[in-house]
Every structure is written in structure tokens, then in C-alpha cells.
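In: starting from these lines, generate the structure:
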Amino acid sequence: MAGSTRGCAMTADLAAADSAISLRAEMARARRRRALQLLRRLVGHPSFLVGALILALFVAVAVLAPLIAPYDPNKNNYRYVLMPPSAQFWFGTDAYGRDILSRVLYGTRVSLLISALVVICTGILGTLLGTLASYVRPLDGIVMRGLDGLMAFPGVLLAIALAAALGPSATTVVIALTVTFTPRTARVVRSGVIVVQGMQYVEAAQAVGAGHARIILRYILANALSPLIVQLTFVFAVSIIAEAILSFLGVGPPPPAASLGNIIADGRSYIQEAWWIAVFPGAVIAVAVLGLNLMGDGLRDIIDPRQRNER
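Out: You can find the predicted model right below:
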């Protein structure tokens, strides 16, 4: 009788194990199906596809700048001062005889690197502060009032003030723009976390005694990241413009390092007789921002179709 009972128990255990394995396999298949569906929606969305292609082109140019730049971007050549665009100098030269195309290629590299660092730092800090404010209720008022205080200042003016106080450098620009964009990003994360916190699966995880770290990482943030991703694409676009503004004002990467903003600043004194110095880097900024905005709009449509239907 005891042997029969043990045999039944072993059979039940094996059946439960098989059921758990089948459930995990089905969940894995479901995740793969969702990933394929998302990929098809991304590829099939014209706005996202165009924006992603533009961004990929700029990233390729930034990475390959040392290989495709025809000249040294910082080398002065006074034989070719203020040369207009030609077969030898596609984008012309500046007042020091430096090739504008080479400087734009390296400037694109600097601008994208700074903007990417701003996006990473803003995403980390915004996620941390937004989650902390929404999950730990006693800290909500303290954290959000502090962020509201930062948001009371115009973003560009706050970045200029911070950059001027810290001194001109690429690190200064990253710090200034991170402080400027983090409050809005934290608000987006906080709103998403508050919505997800009310879901039944989060309450179920709390009821079975799951730890706070597990609940936040696996159940809350994993389902609240979509608005953050969309927000960060727009932060990327605005960071390119803001970095150009700061560099134009002289608080970005110091010369002779090329950035799109200080190339435009070099050309402001020659805008009538040498328009190409300012026009070409300005056009690069415009196209890069356009691509990121198209990509962000496409992501927003794909993640939340209701917004697409409302427009």
C-alpha cells in the first residue's frame, strides 16, 4: 500500500514537472511570437523605418569618420582659406583653410557621442527617481517637488548656466543636459509606474511575498518601459540641438575639437561671403533631428496605437 502511494506521488510529481516544462515552453513561444510581431510592426511602419535608417546612417558616419574624412579636421592650410564647395573640398573650407566636410564628420561623431551619453545618464537617473517617487510614497512629494524646481527654469538657460559654471568641456555638456532632461523623464517613468502598480499581477506578486527588487524589476519596470523608450528618442533629438547651442556659445568641447555647434560659430562672422561654413553643419543637425523625431513618432504609434487613431 505504501509503495502504491509513493508511486502515485512520483507520478504526480512527474506530471507537475512536465506541466511546468510545457508552460515554460509555451511562454517562450509566446515571447517569440510577440517579438516577431513587434519586429514586423517596426519594419512596416514608414515613419519609424525612415527615422531608423537616418539614425543608422549617422551612426555609421560617426564610427567611420577617421576612415572617410578626406583631410585632418584640425589642420590649418592657409593656401585654401574660405574656398567654396568644389571637387577638392566638397563642403568648402573655413577661415583657417580647414576642410568643412572633415570637420562635419568629426563634429557629427562628437555630437552623437555626447547626446548618447546624455540619453544613457538621463534614462538611468530618470528611471531611478521616477520609480523611487512612485513606489516609495513618502518620498513622492520630496522627489517630485525637487524635480519641479528644476523644471521651473527654461531648459536651455539651465544648461547654459550649469555649463558656464563648470567650464567648457564635453563632460560639462553631458552633466548640464542630464540635469536639464532628467526631471521630465522621471515624470514619464513615475506616471507609467503608477499605472502598472495597480495591475492585478503586481498585487498578486506582493501577495505571495515577492521581494521589492523583484517586483520593481520584473513586474513594474518591465511593463512601464515603453513610454520611457519613446521619451528617450526625443531626448536624443533635443540633446543634439542643445549640444550645438552650448558649443555655439563656447561652453561645449573647446577648440580646435570639432563639434557641429562650434563649426557654426566659426562661420557666423563669414555668413555672407562663406555661407557654407554654417549651412552644412546646420543641415546635418536638421536631418539628424528629423530622423530621431520620425523614429520617436513611429515608436509611439507602434507602442500605443490609440494615439495614432486620435490624431
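
In: and Ala258, how many residues sit next to it?
Out: Per other CB atoms under 10 Å, the neighbour tally for Ala258 reads 28. Just so you know, the C-beta spots here come from the backbone N, C-alpha and C atoms, and that holds for glycine as well.

In: shouldn't it be in contact with Val110?
Out: Yes: using CB atoms under 8 Å, Ala258 is in contact with Val110, at 6.6 Å.

In: low-scoring stretches of the stretch 201-311 of the chain, by residue?
Out: Across the stretch 201-311 of the chain, the ranges flagged by pLDDT under 70 are 201-220, 222-223, 304-311.

In: tell me which stretches of it form helices.
Out: 212-214, 225-248, 260-267, 276-303, 305-310 (DSSP state H, counting those that start in this stretch).

In: residues contacting the closest residue to His45 other than its chain neighbours?
Out: Leaving aside its sequence neighbours, His45 sits nearest to Gly298 (CB to CB, 6 or more residues apart in numbering; 4.6 Å). With contact taken as CB atoms under 8 Å, 6 or more residues apart in numbering, Gly298 is in contact with 42, 45-49, 51-52.

In: switch to 7 Å and redo it
Out: Gly298 sits next to 45, 47-48, 51 when contact means CB atoms under 7 Å, 6 or more residues apart in numbering.

In: ok, of these, which one's closest to Leu117?
Out: Gly51 (20.7 Å; CB to CB).

In: list the residues that contact the closest one.
Out: 291-292, 294-295, 298.

In: now for the strand or helix carrying Gly130, which elements pack on it?
Out: In the assignment (DSSP states H and E), Gly130 maps to helix 100-135. The contact analysis (3 or more CB pairs under 7 Å, 6 or more residues apart in numbering; DSSP states H and E) places helix 100-135 against helix 46-63, helix 65-68, helix 137-151, helix 170-197, helix 225-248, helix 260-267, helix 276-303.

In: can you tell me how far Leu292 is from Gly298?
Out: 11 Å (CB to CB, to the nearest Å).

In: no, scratch that, I was asking about Gly44
Out: Gly44 is 10 Å from Gly298, by CB to CB.

In: for Leu166, same thing?
Out: Counting by CB to CB - Leu166 and Gly298 are separated by 36 Å.

In: now do Arg137
Out: Counting by CB to CB, the gap from Arg137 to Gly298 is 36 Å.

In: hang on, the earlier thing: for Lys75, which of the helices of the stretch 201-311 of the chain is the nearest?
Out: For Lys75, the closest of the helices of the stretch 201-311 of the chain is helix 260-267, at 14.7 Å, according to CB to CB.

In: and Phe153, how many neighbours?
Out: Phe153 is flanked by 15 other residues according to other CB under 10 Å.

In: my error: substitute Ile303 in the last question.
Out: As a burial measure, Ile303 scores 16 neighbours (other CB under 10 Å).

In: contacts only, for it.
Out: Contact analysis of Ile303 by CB under 7 Å, 6+ apart lists 226, 230.

In: what's the separation between it and Val119?
Out: Counting by CB to CB, the gap from Ile303 to Val119 is 17 Å.

In: and Ser191, by the same measure?
Out: Taking CB to CB, one finds Ser191 at 19 Å from Val119.

In: neighbour count winner among those two?
Out: Val119 (22 against 14).

In: thought the more buried one was touching Ala237?
Out: No: using CB atoms under 7 Å, Val119 and Ala237 do not qualify as a contacting pair, with a distance of 9.9 Å.

In: quick check: Pro73 touching Leu101?
Out: No: contact criterion CB under 7 Å: Pro73 and Leu101 do not qualify, at 9.0 Å.

In: tell me which of the helices of the stretch 201-311 of the chain sits nearest to Ala95.
Out: Evaluated with CB to CB, the helices of the stretch 201-311 of the chain place helix 260-267 nearest to Ala95, the distance being 7.0 Å.

In: is Arg98 in contact with Asn76, as I believe?
Out: Yes: between Arg98 and Asn76 there is a contact at 6.4 Å, judged by CB under 7 Å.

In: so what's the residue count around the closest residue to Val193 other than its chain neighbours?
Out: Nearest residue to Val193 in three dimensions, chain neighbours excluded: Ser134, at 4.1 Å (CB to CB, 6+ apart). The number of residues packed near Ser134 is 24, by other CB under 10 Å.

In: my guess is Ala274 contacts Leu82. True?
Out: Yes: contact criterion CB under 7 Å: Ala274 and Leu82 qualify, at 4.7 Å.
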